[in-house]
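Engineer: Fold the following and give me the result.
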Amino acid sequence: MSELQEIFAGVKLNQNEYVEVTDDNKICFQLQEGPITEHGVNGCQIDTMIYACKVIVQKFNDRFPCRENSLVITKLDEAMLWLMARTEERIQRNAEGKNQA
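Structural biologist: All right, here's what the predicted structure looks like:
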């Protein structure tokens, strides 16, 4: 089992069938192509990648705690909040799920 597999043991990633943690210490993401309403779910979203990064940094911070790791975790949380805000704004404009700005 690779170090990444150990880190992600028991961790549920959104739409995890599109995320593979390999035994040679790699993470492979298949990204969503096109709007889900038009193409169905065919990959993961950017927030899944950010969450995966956060899990890794949290595990490192558990072993080697430092201010910098804590700041990275905070900024990754902030990035996920901004993505949620973007989604909410797109829902309000009736643009979510459409291939438009």
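Engineer: and the gap between the nearest residue in space to Ala9 that is not next to it in sequence and Asp24?
Structural biologist: Taking Cβ to Cβ, 6 or more residues apart in numbering as the measure, Ala9 lies nearest to Met1, with 7.8 Å between them; neighbours along the chain are not counted. Every C-beta, even on glycine, is put in place using the N, C-alpha and C of the backbone. Shown here: Met1 relative to Asp24, a distance of 11 Å by Cβ to Cβ, to the nearest Å.
Engineer: Name all residues that make contact with the closest residue to Gln45 other than its chain neighbours.
Structural biologist: In this structure, Gln45 finds its nearest non-sequential neighbour in Gln32, 5.7 Å apart by Cβ to Cβ, 6+ apart. Residues in contact with Gln32, defined by Cβ atoms under 8 Å, 6 or more residues apart in numbering, are Tyr18, His39, Val41, Asn42, Gly43, Cys44, Gln45.
Engineer: give the contact list for the first one.
Structural biologist: When contacts are counted by Cβ under 8 Å, 6+ apart, Tyr18 is found next to Phe29, Gln30, Leu31, Gln32, Asn42, Gly43, Cys44, Thr48.
Engineer: can you do 10 Å?
Structural biologist: Contact analysis of Tyr18 by Cβ atoms under 10 Å, 6 or more residues apart in numbering lists Cys28, Phe29, Gln30, Leu31, Gln32, Val41, Asn42, Gly43, Cys44, Gln45, Thr48.
Engineer: In helices only, show me the residues you listed.
Structural biologist: Thr48 (DSSP state H).
Engineer: Buried by neighbour count, from the contacts of Tyr18: which ones?
Structural biologist: Buried residues within the contacts of Tyr18, defined by neighbour count using 16 or more other Cβ atoms under 10 Å: Phe29, Gln32, Gly43, Cys44, Gln45, Thr48.
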